[in-house]
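Chemist: What follows is a predicted structure for the sequence shown.
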Amino acid sequence: NPEFLREGSAILDFTHPDRVVIGSDSELASKVMKDVYRVLYLNDVPYIETDLESAELIKYASNAFLAMKITYINQIANLCEEVGANVQDVSRAMGRDGRIGAKFLHAGAGYGGSCFPKDTKALSKIAKDAGCEISIIDVVIRENDRQKLRMVKKIVRAFGGEDKIKGAVFAVLGLAFKPNTDDMREAPSLVILSELAKMGATIKATDPVAIVEAKWRLSN
């Protein structure tokens, strides 16, 4: 019974799901699971009942697809910078297309957190073990790592080179991988700030939720 809860809005997602996936080879087990959820959903319950393997892949395939959307719009943003286009306009127009949808089309420093990095790598590993590589996800993983380093290069370029970074003091507002969570796992800030520190920069950072978590992670 894979969960699809977003950090920062888990209660809302739990009480208003797009679907409830139940993978089982037992009718009794499926009935028990539906009884667990039934108290929450008084009207149309969005159950998807399937086998165990499909339930697992639904989770991985869903998160990998969303990670792919993020990587795609980040690469479009990189292209926009080179050709003089506005990625905000591009993503807004794309999102108006019902076949695409507006969610996960916000360009930035790459995805992080506990789910997308883990699930993309898991899907890639499962595929390789099965002798059926999903090369598009391998590219997503690689390009997401590169996007974080690209942000470092942009900062260095904006300041006129690495020699100008040494001794500079950077004020950083926001450290978690997304708002309204203290999750620092795979956060782009960990890579970006660590690279700036290696160049001799001083970092003064804060986050309204994640500062406690960030202190020990960034101290290393």
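Modeler: Looks like it arrived, so ask away. Residues are numbered from 1 along each chain as shown.

Chemist: Could you measure from residue 67 over to residue 84?
Modeler: Here residue 67 is placed at a distance of 28 Å from residue 84 (CB to CB, to the nearest Å). The C-beta positions use only the backbone N, C-alpha and C, and glycine is treated the same way.

Chemist: For those two, indicate the residue with more neighbours.
Modeler: residue 67 (23 against 6; other CB atoms under 10 Å).

Chemist: which one is that one nearest to, not counting chain neighbours?
Modeler: Residue nearest to residue 67 in three dimensions, not counting chain neighbours: residue 116, with 4.3 Å by CB to CB, 6 or more residues apart in numbering.

Chemist: which ones are touching the one you found?
Modeler: Shown in contact with residue 116 (CB atoms under 8 Å, 6 or more residues apart in numbering): 63, 64, 66, 67, 70, 186.

Chemist: Next, give phi and psi for the third one.
Modeler: Taking degrees, to the nearest 10, you get phi -70, psi -40 for the backbone angles of residue 66.

Chemist: That one touches residue 104, doesn't it?
Modeler: Yes - assessed by CB atoms under 8 Å, residue 66 is found in contact with residue 104 at 4.9 Å.

Chemist: any idea how far residue 169 is from residue 210?
Modeler: Distance, residue 169 to residue 210, using CB to CB: 21 Å.

Chemist: which one of these two has more residues nearby?
Modeler: Higher neighbour count among residue 169 and residue 210: residue 210, with 24 against 8, using other CB under 10 Å.

Chemist: Contacts only, for that one.
Modeler: 175, 176, 181, 182, 183, 184 are the contacts of residue 210 under CB under 8 Å, 6+ apart.

Chemist: Dump these to CSV, plus neighbour count, secondary structure and pLDDT.
Modeler: Compiled in CSV, these are given as follows (neighbours: other CB atoms under 10 Å; DSSP: H, G, I helix; E, B strand; the rest coil; pLDDT from 0 to 100):
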residue, neighbour count, secondary structure, pLDDT
175, 25, coil, 95
176, 24, coil, 94
181, 20, coil, 90
182, 16, coil, 91
183, 19, coil, 91
184, 24, coil, 93
